[in-house]
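Novice: compute the structure for the input listed below.
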Amino acid sequence: MSGLSVNRVHLRYPNGGGIETGRLDFGAGQIIALLGPNGAGKSTLIKALVGAVRADVEGLSVAGQTLIDPRQRARNLAYLSQTRTGPALSSVRDIIALGRFPFGAQDPEQRVAAVIETLGLGPFADRPFGTLSGGEQARVLLGRALAVDAPVLLADEPTASLDPHYALRIMDTLRSEARRGRTVIVSVHDLSLAERYCDQALILAGGCIVGQGTVRETLNADILRDVFRVSRSPDGLTPLS
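Specialist: Below is the predicted model:
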């Protein structure tokens, strides 16, 4: 099944850093991990694809349809930012409803209700966002992205700083969305989460793609050593000196 494709992504920051890729294809019905050390370009790639930063993005398409204007991107690419902020006094229900903004008044209540049920947010759907715990807020913001009901979901470090319970629930939800046919692209630092949940992986280092394929194929001994500076041992991953 076709998902998201792009011919080239190019971005260079004035003070150095950025990203440079060739053609990338992300299949529908899969969860794809963006992996790499800090500063590798994972967040930059996601932001470039969704239009959150100014970059040269050539031939961006979803299911064969070229995305030209911002409204097309907003309807086809749901974005979960790394920043977990929201209006403190707004209700959970109202924040999730913001995901329907690109569609105007098109079935907002029905989709919002479905997302609230999927994420188990019913008990505090009418509570102010600012009264929730960090893990609960993370689920609400994921709900806002799911409310878009886009064929592609890009999540930037959705499990960062979360307790294991909430991190695993977030990843369970992302995997479920992929199994429903969505293309899910997620940047993660925890390699064990990628191995457990993701079908494919894209390895970045220094703003370039250095590995692509199944998670097992890409997280080989060479990549672990050269990119992540770790090795496998019977006890798990071990840092290299």
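
Novice: tell me what the helix or strand of the chain with the lowest mean pLDDT is packed against?
Specialist: Among the helical and strand segments of the chain, the one scoring lowest on mean pLDDT, DSSP states H and E is helix 108-118, with a mean of 89. In terms of contact count using 3 or more CB pairs under 8 Å, 6 or more residues apart in numbering; DSSP states H and E, helix 108-118 is assigned the packing partners helix 92-97, helix 134-147. (Glycine included, C-beta is placed from N, CA and C.)

Novice: now that helix: buried residues?
Specialist: Of the residues in helix 108-118, those buried under the neighbour-count criterion (16 or more other CB atoms under 10 Å) are 108, 111-112, 115-116.

Novice: just for the protein, where's the confidence low?
Specialist: Judged by pLDDT under 70, the chain has its weakly predicted residues at 1, 104-107.

Novice: which strand residues bridge the residue most central in space within it?
Specialist: The central residue of the chain, meaning the one whose C-alpha is nearest the mean C-alpha position (CA atoms, centre = their mean), is Ala155 at 1.7 Å. Bridge pairing for Ala155 (DSSP bridges) gives the partners Leu80, Val186.

Novice: can you check Ile209 too?
Specialist: Beta-bridge partners of Ile209, counted by DSSP bridges, are Leu204.

Novice: that one and Gly22 touch, don't they?
Specialist: Yes - with contacts defined as CB atoms under 8 Å, Ile209 counts as touching Gly22 at a distance of 7.4 Å.

Novice: which one's more surrounded, those two?
Specialist: More crowded of Ile209 and Gly22, by other CB atoms under 10 Å: Ile209, with 20 against 10.

Novice: can you tell me how far the more buried one sits from Asp25?
Specialist: 12 Å (CB to CB, to the nearest Å).

Novice: and the least confident helix or strand of the chain, how far out from the chain middle?
Specialist: Its chain's C-alpha centre lies 20 Å from the corresponding centre of helix 108-118 when counted by CA atoms, centre = their mean, to the nearest Å.

Novice: dump that helix to PDB, keeping only the CA atoms.
Specialist: What follows is the C-alpha trace of helix 108-118 in PDB, where atoms were taken according to Å, rounded to 0.1, in the frame of the first residue of the first chain:
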ATOM      1  CA  PRO A 108     -16.200  17.500  14.500                       C
ATOM      2  CA  GLU A 109     -18.300  16.000  17.400                       C
ATOM      3  CA  GLN A 110     -18.400  12.500  15.900                       C
ATOM      4  CA  ARG A 111     -14.700  12.300  15.400                       C
ATOM      5  CA  VAL A 112     -13.800  13.800  18.700                       C
ATOM      6  CA  ALA A 113     -16.100  11.400  20.600                       C
ATOM      7  CA  ALA A 114     -14.400   8.500  18.800                       C
ATOM      8  CA  VAL A 115     -11.000   9.700  19.700                       C
ATOM      9  CA  ILE A 116     -12.000  10.200  23.400                       C
ATOM     10  CA  GLU A 117     -13.300   6.600  23.500                       C
ATOM     11  CA  THR A 118     -10.200   5.200  21.800                       C
END
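
Novice: which residues sit against that helix?
Specialist: Around helix 108-118, the neighbours that count as contacts under CB atoms under 8 Å, 6 or more residues apart in numbering are 92-93, 96-97, 99-100, 121-122, 125, 143, 146-147, 149, 173.

Novice: got the contact list for Tyr79?
Specialist: By CB under 8 Å, 6+ apart, the contact list for Tyr79 reads 46, 50, 52, 145, 154, 156.

Novice: same deal with Gly86?
Specialist: Here Gly86 is in contact with 95, 129, 137, 140-141 (criterion: CB under 8 Å, 6+ apart).
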